[in-house]
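J.: sequence plus the predicted model coming up.
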Protein chains: 2
Amino acid sequence: MVVGLESVHKLHPVAGISLSATSAGIYNVKRDDLALICFSKQATVSAVFTKNAFAAAPVVVARQNLASGVNHQYCLINAGNANAGMGDKGIQDTLDTCSKLAKLANCPADSIIPFSTGVIGMDFPVEKINSSIPRLLASLHGEKWGECAKAIMTTDTVSKGISRQIALNGKTVTVTGIAKGSGMIRPDMATMLAFIGTDAVVDKNLLDNILLESVNNTFNRICVDGDMSTNDACILIATGESGHARISNPQDDNYTSFMHVIEEVCEFLAKAIIRDGEGATKFVSINVSGGNSKQECLDVAYTIARSPLVKTAFFASDPNWGRILAAIGYAGLEKLDISGVNIYINELCIVRDGSRAGEYTEQTGIQAMTGEDITLNIELRRGAFEDTVWTCDLSHEYVRINAEYRS
Amino acid sequence: MVVGLESVHKLHPVAGISLSATSAGIYNVKRDDLALICFSKQATVSAVFTKNAFAAAPVVVARQNLASGVNHQYCLINAGNANAGMGDKGIQDTLDTCSKLAKLANCPADSIIPFSTGVIGMDFPVEKINSSIPRLLASLHGEKWGECAKAIMTTDTVSKGISRQIALNGKTVTVTGIAKGSGMIRPDMATMLAFIGTDAVVDKNLLDNILLESVNNTFNRICVDGDMSTNDACILIATGESGHARISNPQDDNYTSFMHVIEEVCEFLAKAIIRDGEGATKFVSINVSGGNSKQECLDVAYTIARSPLVKTAFFASDPNWGRILAAIGYAGLEKLDISGVNIYINELCIVRDGSRAGEYTEQTGIQAMTGEDITLNIELRRGAFEDTVWTCDLSHEYVRINAEYRS
């Protein structure tokens, strides 16, 4: 099930980036499961990784290689095996695949950034990957963002991607992003990988800021099940080939325009992950306003977003708003005056001043809950901050997918 | 589904306590849904309530009445309607039922402690309750703990109760407890009500300590779905009618013996709630040792206990231990050295020194996951503390129950 989203078709190529995908046979079924993104040596690269203490081997190696100071040239990505929980052997396996690619592509091994997604704790299929690298190298092409988006899917039901173009100093700048992710999704990234390419010309420290801020406002605002993956990563590659005047000052208008387009791309991809959340039948925006701080708003929003009882009520289109109210009540807000709390489903006020709204009826409640896209507005009325989190419902399908994922 | 638990049958009466149950017609189906516990004026009463900011009307009134200084004589309990989220009207409704009982029983209204459990946000059925109170008063009897245990059930599939007897100074002291709870269960109580009666003779401040400590070690160590209810309460009534020398000194051996039996009763009831957890097919004990503090052990245990991915893996009897490892990794422990972490399912070592154990095979893993009672042992090997949390799996049935609960 997927809520208001279709597989990506046409994505704009990005000058300086070519891609390829192939089947390495990591999955038992025939499908592409290995992808390569190649970019010019001059490219600037920013990345954000999972905060999970059990970071997977590719995350460890990618962090090391990004810190190595060499110019990076390749992202090597596989689905079907996370290479996580495998200790030193896992690290060595990832290094082996990087070495193989380096040798064939005639570049330093630490110019390669590895990514893996899939099941944790299984032996990493080094041979299958290594023997597929020549095919990847032989088929690189700028038009293959869509193929890559497909090859990195795990429990995703649709591939996810978006392109945007803006003009900077009269030059057209392209931003194209792809992502995968469906379950094990929570704030602080998710079981997700996202690769965003652009031909913009941007200083490294500004690119880092832009990615961090964008991830924080988008990928870190989504929640499927509250589980945090060992493999999450989001990478932004700026090849600099569009030729506009370099963005090197955050006061620059171009900085703001570019930042907005990156955030727009991230937001689309983050929401796409929720729309394709495991078993999702509803896309729910939870907006909390009137908090004493942004964190307070997020605490309330996440408590609701993570509540299995609220999520099953959404699945049932059941306006069982008592569960929402209970979740607000245990979100841990200090001295919460419940008589200040209003709750709306879309436009419908269900709770006013902390108790059931006079005009609320079961029938209008059911009506409001019936749509696929639902906005929950929580007014705390004790401060000036607000924030939003995106989530989905909890369905039979979620349980089926996660109980049967490995069989 | 229920894991290794049967409905309670025979419970020992407690001197000074009589009970009754009836159908007030709160549910559409014919069943008892209203109960009364009557105890002697001389009884000492301790209670622990939900920390939810949206505490239900009966919780607000019960707290007030317990603080009123009068001698308490009745617990009035209904299932099928939580009287939560109803504002001042809800409070008034609860007060109305207390007044009715007080008038008929010829006692002060604040000598009554009210409890409600069921759906949140529905009008409270005051008339149905009030017109049933005469029947309750007319049928009070010391042998009716079992009937009460049944009457307070909501999504429970079995009634829950236990009796224990110990000798204190040559006198037999009885402790009988009943509880309800199945979903919306998490630390800091749960959607649960528990009523424990004893004829022990105990000072009020010691009784308070004993209940608080016992609840903390038992009801606050369980997790079904992580949702916290607006109505949770646990009450301990000591009638003092067994006639042993009063317990008024925590150094007293009798204090320790009595404390142990209360904790034993609470632990049985807490585990019973998990064994009857909504949709539960497994009972899982999560024991975390080697932490730098008890809180750290609990953080890890609860992160695992709340993980929908871990819980669906338990449901599938799938040794997808990578999900356990990922949960440990995002539990928020500072400077966790993952190479110190060992994980065991029952006796089987699955992760040693932070990565898959050499002797682990998929087959032995499946075997370990197949039982109904599973113990997960996590060794952090960085400190001297340990703690345990009890939880259950996440099944199709959980989703069905919670998506269909109100229909």
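T.: Looks like it arrived, so ask away.

J.: quick one: low-confidence residue ranges for the stretch 1-150 of chain A.
T.: Applying pLDDT under 70 to the stretch 1-150 of chain A flags no residue at all.

J.: quick check: the gap between the residue of it at minimum distance from chain B and A:Lys103.
T.: When distances are taken as CB to the nearest CB, the stretch 1-150 of chain A approaches chain B most closely through A:Ile120, which lies 2.2 Å from it. C-beta: built from backbone N, CA, C; applies to glycine. If you measure A:Ile120 against A:Lys103 using CB to CB, to the nearest Å, the figure is 28 Å.

J.: next one: A:Gly243
T.: Relative to A:Lys103, and taking CB to CB, A:Gly243 is found at 33 Å.

J.: what about the two, which has more around it?
T.: A:Gly243 (15 against 12; other CB atoms under 10 Å in any protein chain shown).

J.: pretty sure that one sits in a strand.
T.: No. With DSSP: H, G, I helix; E, B strand; the rest coil as the criterion, A:Gly243 is coil rather than part of a strand.

J.: quick one: it and A:Val201 touch, right?
T.: Yes. Assessed by CB atoms under 8 Å, A:Gly243 is found in contact with A:Val201 at 7.2 Å.

J.: for the record, mean pLDDT for the lengthiest helix in chain A?
T.: Longest helix in chain A by number of residues, with DSSP state H as the criterion: helix A:253-275. Predicted confidence along helix A:253-275 averages 94 (mean pLDDT).

J.: elements contacting that helix?
T.: Based on contacts counted as 3 or more CB pairs under 8 Å, 6 or more residues apart in numbering or on different chains; DSSP states H and E, the elements that helix A:253-275 packs against are strand A:160-168, strand A:171-180, strand A:193-198, helix A:204-217, strand A:222-223, strand A:283-291, strand A:385-392.

J.: which one, of the ones you listed, ends up nearest to chain B?
T.: Comparing the helices and strands packed on helix A:253-275 under CB to the nearest CB, the one sitting nearest is strand A:222-223, at 11.0 Å.

J.: hmm, the closest one in reach of chain B?
T.: No. Using CB under 8 Å from any CB of the partner chain, we find that strand A:222-223 stays clear of chain B, coming within 11.0 Å at best.

J.: tell me the mean pLDDT over that strand?
T.: Here strand A:222-223 scores 78 as its mean pLDDT.

J.: which strands and helices sit next to whichever strand or helix holds A:Pro114?
T.: Here A:Pro114, judged by DSSP states H and E, is contained in strand A:112-119. With contacts taken as 3+ CB pairs under 8 Å, 6+ apart, strand A:112-119 sits against helix A:57-66, strand A:74-81, helix A:87-105, strand A:233-238.

J.: following element in sequence after that strand, please.
T.: For strand A:112-119, the following helix or strand on the C-terminal side (DSSP H and E) is helix A:126-138.

J.: quick one: name whatever helix or strand follows that following helix.
T.: For helix A:126-138, the succeeding helix or strand toward the C-terminus, using DSSP H and E, is helix A:145-151.

J.: what packs against that next one?
T.: Helix A:145-151 sits against strand A:17-22, strand A:34-39, strand A:74-81, strand A:160-168, strand A:171-180, with contacts defined as 3+ CB pairs under 8 Å, 6+ apart.

J.: run a quick neighbour tally on A:Ser293.
T.: Residue crowding around A:Ser293 was assessed by other CB under 10 Å; the count is 12.

J.: quick one, what contacts it?
T.: With contacts defined as CB atoms under 8 Å, 6 or more residues apart in numbering or on different chains, A:Ser293 is in contact with A:383, A:385.

J.: give the residue farthest from the middle of chain A.
T.: A:Gly358 (40.1 Å; CA atoms, centre = their mean).

J.: surely that residue is within a strand?
T.: No. With the criterion set as three-state DSSP, the secondary structure at A:Gly358 is coil rather than a strand.

J.: tell me the contacts of it?
T.: Contacts were defined as CB under 8 Å, 6+ apart; by that measure A:Gly358 touches A:Arg352.

J.: same question, A:Ser242
T.: Residues touching A:Ser242, when contacts are defined by CB under 8 Å, 6+ apart, comprise A:15, A:168, A:171-174, A:198-201.

J.: redo that, cut-off 7 Å
T.: The neighbourhood of A:Ser242, defined by CB atoms under 7 Å, 6 or more residues apart in numbering or on different chains, consists of A:15, A:171-173, A:199-201.

J.: nearest residue to it in space, please, no chain neighbours.
T.: Spatially, and ignoring its direct neighbours in sequence, A:Ser242 is nearest to A:Asp199 (3.9 Å; CB to CB, 6 or more residues apart in numbering or on different chains).

J.: now the one you found: how far from A:Leu168?
T.: 10 Å.

J.: A:Gln64 too?
T.: In this structure, A:Gln64 and A:Leu168 are separated by 33 Å, where distance is defined by CB to CB.

J.: settle it for me: which of the two has more neighbours?
T.: Using other CB under 10 Å, the more surrounded residue of A:Gln64 and A:Leu168 is A:Leu168, with 22 against 13.

J.: wait, doesn't that one sit right on A:Thr256?
T.: No. The criterion here is CB atoms under 7 Å, and A:Leu168 misses it with A:Thr256 at 10.8 Å.

J.: and A:Tyr344, which of the three is it?
T.: State at A:Tyr344, reduced to three classes by three-state DSSP: strand.

J.: alpha carbons only: can I get the strand holding A:Pro114 in PDB?
T.: Only the C-alpha atoms of strand A:112-119 are listed here, as PDB (Å, rounded to 0.1, in the frame of the first residue of the first chain):
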ATOM      1  CA  ILE A 112      34.700   5.400  -2.700                       C
ATOM      2  CA  ILE A 113      31.800   5.900  -0.400                       C
ATOM      3  CA  PRO A 114      30.000   2.600   0.400                       C
ATOM      4  CA  PHE A 115      26.300   2.200   1.400                       C
ATOM      5  CA  SER A 116      24.300  -0.900   2.300                       C
ATOM      6  CA  THR A 117      20.700  -1.500   3.200                       C
ATOM      7  CA  GLY A 118      18.800  -4.600   4.000                       C
ATOM      8  CA  VAL A 119      18.800  -7.400   6.600                       C
END
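
J.: ok, that strand: who's next to it in the sheet?
T.: When pairs are called by DSSP bridges, strand A:112-119 turns out to pair with strand A:74-81 (parallel).

J.: report the buried residues of the partner strand.
T.: Residues of strand A:74-81 classed as buried: A:74-81 (neighbour count, 16 or more other CB atoms under 10 Å in any protein chain shown).

J.: C-alpha coordinates for that strand, PDB please?
T.: What follows is the C-alpha trace of strand A:74-81 in PDB, where atoms were taken according to Å, rounded to 0.1, in the frame of the first residue of the first chain:
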ATOM      1  CA  TYR A  74      32.000   6.900  -6.400                       C
ATOM      2  CA  CYS A  75      29.100   5.900  -4.200                       C
ATOM      3  CA  LEU A  76      28.700   2.100  -4.200                       C
ATOM      4  CA  ILE A  77      25.300   1.000  -2.900                       C
ATOM      5  CA  ASN A  78      23.700  -2.400  -2.400                       C
ATOM      6  CA  ALA A  79      20.300  -3.500  -1.200                       C
ATOM      7  CA  GLY A  80      19.400  -6.800   0.400                       C
ATOM      8  CA  ASN A  81      22.200  -6.900   3.000                       C
END
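
J.: close to chain B: what parts of the stretch 51-200 of chain A are there?
T.: A:52-54, A:82, A:84-87, A:119-121, A:183-184 (CB under 7 Å from any CB of the partner chain).

J.: of all pairs in the residues you listed, which one is the farthest apart?
T.: Set against one another by CB to CB, these have their most distant pair in A:Gly87 and A:Gly183, with a gap of 24.6 Å.
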